[in-house]
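Enquirer: give the three-dimensional model of this entry:
(one chain, ligands or ions: 1)
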Amino acid sequence: MALEKIASRFEKLLVQFSEQRYNQEAGLPYDRDLMKKLSKQITEVSLEFLENFVEPRSMYLASIATIALAERLETELDLYNQRMEKISTEKYGIAGRKVNWGNWRQFNSKTDDYLKRKEVFDDFIAKAPGIAFLIRKRMDISNDVYGRYDLTPLDSYLEFEGMGYDELRDLLIRLGDGAKDAFLAAAEHFATEVLGKKKTEYYDDYYTWRGHIYKPLNKYFEKIDALNEVRMFLTDFGFNPSKIKVDAEDREKKSPSAFCFGIHIPNDVRVCFRKVSPFSDFGSVFHEFGHGIHGISANPDDSVWKRYVVPMGVAETFSILLESMLDTPLFLKQELKLAESVINEIIDRRRFMELAFLTFYTANGIMKMEFWKKGYSIEEAAKRWQELTKRFFIEVPGNYWLLHHVMPAYDMYSPSYVIASMRVAAIRERLRQDYGEVWWKDSDAGNFVRDLAEMRGEFDVKAWKLDAESYLKEARTLSFL
Ligand SMILES: [Zn+2]
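Expert: Model (predicted):
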């Protein structure tokens with residue numbers, strides 16, 4: 001089969017598969033058998049490509065990833081089910097159900113008694129080894145599939161992001177080291193109010209902080225309609241937001257976290273969310289619409305691989321760019337009409353979470369890089385992750401990594417948000433310089449962003465200097481430090 005034919009068959013199957021995946025996440029009826037059938041067919045197309053072509057390189061790497069995904073499918077479903085079952089406790093409940101891996105964060109966010117949170121944390125950590133064999137199996141399948149093409153999942157990740165091993169590792173260490181002291185000082189400042197105790201401890205994880213710290217801001221966002229705001233924002237910026245389909249309905253089985261699916265790029269791009277709490281909803285709606293404009297900006301005449309095969313750090317560039325409006329005092333003042341004191345609270349709390357994110361993701365990112373490079377066992381990975389948490393924030397029992405939602409479930413991934421955040425800082429600086437302080441009101445600035453978005457898989461990952469120092473400087477600027 002000719003390359004174009006393989007690619008268009010790949011796209012056709014992918015569109016059908018994504019539609020089912022979308023329905024699943026959106027809490028709509030979906031066809032599990034059809035998904036299995038489609039996954040098998042996509043694998044066949046990928047194999048055919050790999051047997052006949054080595055170029056385009058992005059399609060080559062994406063084909064390997066597709067096969068690895070298909071081969072892992074059973075194991076990942078087992079992991080999903082067993083994790084819910086084994087990582088659970090009868091002792092506490094939430095909304096009439098026992099607390100388990102799935103509603104753990106909800107429990108942490110609704111529970112003010114920190115001793116209860118500690119008890120559940122310790123219990124789940126003790127139970128974590130019970131799912132370790134499935135995580136081992138999942139990682140081994142990936143390693144095996146990539147190994148057939150003389151690669152590791154890490155090699156592919158680094159190639160997509162355009163970074164060398166040492167380069168990325170050094171960057172993460174710089175960020176983690178640079179964020180640590182400010183994080184610990186700010187954590188001490190917020191602990192009494194947010195955690196109900198003087199000190200932050202190992203069981204006060206990133207998600208617990210995130211689930212509590214924005215609560216005082218909700219009252220200012222109750223009357224602000226995020227959907228309305230993002231549509232006005234995008235219209236001024238020169239985009240047509242009506243091209244992005246939105247599902248904001250509340251459905252029982254709908255995913256609690258917002259998401260965006262480019263089902264048929266650029267013609268069928270959908271944002272899906274349900275209301276959780278006013279302040280974080282605002283951030284997630286802007287974030288997902290950033291993915292949305294990235295999707296609708298693709299050129300329909302471009303190749304399948306250019307439109308669909310996009311490095312994670314590039315995809316997150318556009319979502320983080322839109323979300324960063326929440327860190328922009330002038331936007332908060334002019335568009336949302338918020339008072340100075342409220343704006344300061346928002347900036348302080350968002351920056352604190354940025355610091356928490358940097359320390360946590362540095363430990364996560366380094367561990368996952370070494371995992372592939374050094375071929376860690378599950379126990380070695382836990383030991384190493386514990387060491388890294390001690391170095392970059394607070395020592396956390398190593399088996400926590402088995403309970404994280406990204407680390408055990410993906411080959412790599414963790415550093416992409418960090419890379420994207422730094423790239424966004426550089427892009428925002430350019431927008432400010434070329435289009436002024438209120439660049440988001442200028443459709444020429446929008447055109448500039450659209451041109452970047454249209455690059456999709458050919459986005460130049462080296463074009464923007466990732467400046468750790470100035471990024472850290474901003475993240476460390478909190479009003480009380
Ligand atoms: Zn995202």
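Enquirer: show me the strands in the stretch 51-200 of the chain, by range?
Expert: 88-94, 97-100 (DSSP state E, counting those that start in this stretch).
Enquirer: so which of those strands gets nearest Pro329?
Expert: strand 88-94 (36.6 Å; Cβ to Cβ). C-beta here means a position set from N, CA and C on the backbone, and glycine is covered the same way.
Enquirer: out of the strands of the stretch 51-200 of the chain, deepest packed?
Expert: Most buried of the strands of the stretch 51-200 of the chain by mean neighbour count (mean count of other Cβ atoms under 10 Å) is strand 97-100; its value is a mean of 16.
Enquirer: return the distance of it from the chain's centre.
Expert: Relative to its parent chain, strand 97-100 has a centroid offset of 25 Å by Cα atoms, centre = their mean, to the nearest Å.
Enquirer: just stretch 229-246 next, same as before
Expert: Distance, centroid of stretch 229-246 to centroid of chain: 22 Å (Cα atoms, centre = their mean).
Enquirer: follow-up on the earlier one: and the strands of the stretch 51-200 of the chain as a markdown table, adding mean pLDDT and distance to Glu229?
Expert: Conversion of the strands of the stretch 51-200 of the chain to a markdown table gives the following (pLDDT from 0 to 100; distance: least, Cβ to Cβ, whole Å):
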| stretch | mean pLDDT | distance to Glu229 |
| --- | --- | --- |
| strand 88-94 | 93 | 31 |
| strand 97-100 | 91 | 34 |
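Enquirer: for those strands, which one sits closest to Glu44?
Expert: strand 97-100 (36.7 Å).
Enquirer: so which elements touch that closest one?
Expert: strand 88-94 (3 or more Cβ pairs under 8 Å, 6 or more residues apart in numbering; DSSP states H and E).
Enquirer: strands paired with the strand it packs on, and their directions?
Expert: Strand pairing for strand 88-94, using DSSP bridges, gives strand 97-100 (antiparallel).
Enquirer: and Cys260, what element?
Expert: If you go by DSSP states H and E, Cys260 is part of strand 259-264.
Enquirer: so what touches that strand?
Expert: 15, 18-19, 21-22, 25, 244, 268-273, 288-289, 291-292, 294-295, 298, 308, 319 (Cβ atoms under 8 Å, 6 or more residues apart in numbering).
Enquirer: now with 7 Å?
Expert: For strand 259-264, contacts defined as Cβ atoms under 7 Å, 6 or more residues apart in numbering pick out 15, 18-19, 22, 25, 269-272, 288, 291-292, 295.
Enquirer: now stretch 374-381
Expert: Ala132, Ile135, Arg136, Met367, Glu370, Phe371, Arg384, Trp401.
Enquirer: give me the mean pLDDT for stretch 127-138.
Expert: What stretch 127-138 shows for mean pLDDT is 98.
Enquirer: now the contacts of strand 259-264 in CSV, with distance to Ile347 and pLDDT?
Expert: Below are these laid out as CSV (distance: Cβ to Cβ, whole Å; pLDDT from 0 to 100):
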residue, distance to Ile347, pLDDT
Val15, 41, 97
Ser18, 37, 96
Glu19, 40, 97
Tyr22, 35, 95
Glu25, 32, 87
Val269, 31, 98
Arg270, 31, 98
Val271, 26, 97
Cys272, 29, 95
Glu288, 22, 97
His291, 24, 98
Gly292, 25, 98
Gly295, 29, 98
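Enquirer: out of these, which two sit at the greatest distance?
Expert: Greatest spacing in these, by Cβ to Cβ: Val15 and Glu288 (19.7 Å).
Enquirer: more neighbours: those two, which one.
Expert: A direct count of neighbours by other Cβ atoms under 10 Å for Val15 and Glu288 places Glu288 higher, at 24 against 17.
Enquirer: show me what the host helix or strand of the more buried one is packed against.
Expert: Following DSSP H and E, one finds Glu288 within helix 278-296. In this structure, helix 278-296 makes packing contacts with helix 218-221, helix 226-236, strand 244-247, strand 259-264, strand 268-272, helix 312-323, judged by 3 or more Cβ pairs under 7 Å, 6 or more residues apart in numbering; DSSP states H and E.
Enquirer: may I see the buried residues of the first one?
Expert: Going by neighbour count (16 or more other Cβ atoms under 10 Å), the buried part of helix 218-221 is Tyr220, Phe221.
Enquirer: ok, and what's touching it?
Expert: Ser277, Pro278, Phe279, Phe282, Leu338, Val342.
Enquirer: tell me the mean pLDDT for it?
Expert: On average, helix 218-221 scores 97.
Enquirer: kindly report the same for the fourth one.
Expert: Over the span of strand 259-264, the pLDDT mean works out to 96.
Enquirer: given it, what are its sheet partners and their directions?
Expert: strand 268-272 (antiparallel).
Enquirer: next up, the contacts around Leu79.
Expert: Contacts of Leu79 by Cβ under 7 Å, 6+ apart are Ile131, Leu134, Ile135, Arg138.
Enquirer: please produce a PyMOL select command covering the buried subset of these.
Expert: A single PyMOL command is used to select the members of those judged buried by 16+ other Cβ under 10 Å:
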select buried, resi 131+134+135+138
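Enquirer: and which of the contacts of Leu79 is nearest Asp155?
Expert: Asp155 lies nearest to Arg138 out of the contacts of Leu79, by Cβ to Cβ, at 18.2 Å.
Enquirer: with adjacent residues omitted, what lies nearest to the closest one?
Expert: Closest residue to Arg138 apart from its sequence neighbours, by Cβ to Cβ, 6 or more residues apart in numbering: Thr75 at 5.0 Å.
Enquirer: so how far is Asp144 from the one you found?
Expert: 12 Å (Cβ to Cβ, to the nearest Å).
Enquirer: higher neighbour count, those two?
Expert: Neighbours per residue (other Cβ under 10 Å) separate Thr75 from Asp144, with Thr75 holding more: 18 against 11.
Enquirer: what residues does the residue nearest to Tyr400 when sequence neighbours are not counted make contact with?
Expert: Leaving aside its sequence neighbours, Tyr400 sits nearest to Ile125 (Cβ to Cβ, 6+ apart; 6.2 Å). Going by Cβ under 7 Å, 6+ apart, Ile125 touches Pro397, Asn399, Tyr400.
Enquirer: in terms of helices and strands, where is the nearest residue to Asp327 once chain neighbours are set aside?
Expert: In space, and not counting its chain neighbours, Asp327 is closest to Arg350: 5.4 Å by Cβ to Cβ, 6+ apart. Assigned by DSSP H and E, Arg350 belongs to helix 340-374.
Enquirer: next, the angle from that helix to helix 278-296.
Expert: Counting by axes from the mean of the first three to the mean of the last three Cα atoms, to 10 degrees, helix 340-374 lies at 60 degrees to helix 278-296.
Enquirer: list the buried residues of helix 340-374.
Expert: Within helix 340-374, judged by 16+ other Cβ under 10 Å, the buried ones are 342-372.
Enquirer: can you check stretch 436-447 too?
Expert: Buried, per 16+ other Cβ under 10 Å, within stretch 436-447: Trp439, Trp440, Lys441, Asp442, Ala445, Gly446.
Enquirer: just checking, the last one touches Pro241?
Expert: It refers to Gly446. No. Between Gly446 and Pro241 there is no contact under Cβ atoms under 7 Å: 11.4 Å.
Enquirer: before we move on, the earlier item: how near is the residue nearest to Tyr400 to Tyr203?
Expert: Applying Cβ to Cβ to Ile125 and Tyr203 gives a distance of 9 Å.
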